[in-house]
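>>> Fold the following.
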Amino acid sequence: MKYGSEQILPYNGEEQKSTQVRRMFDSIAGTYDLLNHTLSFGIDKIWRRKAIASLRPFSPQSILDIATGTGDLAISMHRKLKARQIIGADISEGMMQVGREKVARAGYSEYISFEQQDCTALTYPDNSFDAVTAAFGVRNFENIEQGISEMYRVLKPGGHVMILEFSTPEHFPMKQLYSIYSKTVIPFIGRLLSKEKTAYSYLPASIKVVPQGKVMTGLLTRLGFSEARVRTFTFGICSLYTGTKE
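A predicted model of the protein is given here:
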């Protein structure tokens, strides 16, 4: 099955989506954290804390963080979960370099490492990690089913998946307010702070058509996860998906 977000491209139709996504994130790596926190009014930090709390009862010691970006989730997971090993995997070296610098400043280099990976063709063996996570990255997958299948493959039996992703509010008035915000404010601030017009037009377009709610939990179930669940935060602007590999 093809999903709408797979068809939304940052630049043009001549290159693969993965190539374009890598180029886009390399270009905004230096301003990504500032923009991310500004555009969400800092609420993204709360979303991450709630997502991490979903893993706390299981005390995962080895975690793969897919689409890790600049490592915000990886750093927070080490602080909250004290995991022995966290690998941040991403297609963008520019984003990960920012992450490496943040990890080094925090003194966590012993526990958190970064590796360039294609999420649809991970190089890790089957059954390698206690938990696999992804925060705000699924909408960038060139093939969502293949990406989630890879997350399932590298997860140990009994391990847990945690996906945090933007979603579209369904109810008045947040639905209307968010539509205005995503169409006007996000592109404007993105252009103002990053000088990258494309990235912050791509962002709201990809959010609008990424699999959400029951569609995403149904996808997780179909690809093998049990106990697939969804929780929404901040009137539906963000969704947390969880599941278990039996």
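>>> Name the residues of the helix or strand encompassing His78 that are buried.
Applying DSSP states H and E as the criterion places His78 in helix 72-81. For helix 72-81, the neighbour count (16 or more other C-beta atoms under 10 Å) marks Asp72, Leu73, Ala74, Ile75, Ser76, Met77, His78, Leu81 as buried. Where C-beta positions appear, they are placed from N, C-alpha and C, glycine not excepted.
>>> residue contacts, the second one?
Applying C-beta atoms under 8 Å, 6 or more residues apart in numbering, we find Leu73 in contact with Arg48, Ala51, Ile52, Asp65, Thr133, Ala135, Leu164.
>>> re earlier: and the angle for the helix or strand just after the helix holding His78 with helix 72-81?
Reading on from helix 72-81 to the C-terminus, the next helix or strand found by DSSP H and E is strand 85-90. With axes from the mean of the first three to the mean of the last three C-alpha atoms, to 10 degrees applied, the angle from strand 85-90 to helix 72-81 works out at 170 degrees.
>>> quick one: least confident helix or strand in the chain?
helix 186-194 (a mean of 79; mean pLDDT, DSSP states H and E).
>>> who touches that one?
So helix 186-194 is in contact with 28, 31-32, 34-35, 38-39, 196-197, 199-201, 203-204, going by C-beta under 8 Å, 6+ apart.
>>> that older thread, tell me which of the contacts of Leu73 is nearest to Thr232?
Thr232 lies nearest to Leu164 out of the contacts of Leu73, by C-beta to C-beta, at 11.2 Å.
>>> Can you read off the pLDDT for Lys156?
The score at Lys156 is 98. That number is its pLDDT.
>>> What of Thr184?
87.
>>> what's the angle between the biggest helix by length in the chain and strand 85-90?
Counting by DSSP state H, the longest helix found in the chain is helix 93-106. Per the same axes, to 10 degrees, the angle that helix 93-106 makes with strand 85-90 is 150 degrees.
>>> what about dumping the CA coordinates of helix 93-106 to CSV?
What follows is helix 93-106, C-alpha atoms only, in CSV (Å, rounded to 0.1, in the frame of the first residue of the first chain):
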residue,chain,number,x,y,z
GLU,A,93,25.1,13.2,8.5
GLY,A,94,24.6,16.9,9.0
MET,A,95,21.9,16.3,11.6
MET,A,96,23.9,13.6,13.4
GLN,A,97,27.0,15.7,13.6
VAL,A,98,25.0,18.3,15.6
GLY,A,99,23.8,15.4,17.7
ARG,A,100,27.3,14.1,18.3
GLU,A,101,28.3,17.5,19.6
LYS,A,102,25.3,17.7,21.9
VAL,A,103,26.1,14.2,23.3
ALA,A,104,29.7,15.1,23.8
ARG,A,105,28.8,18.3,25.7
ALA,A,106,26.4,16.3,27.9
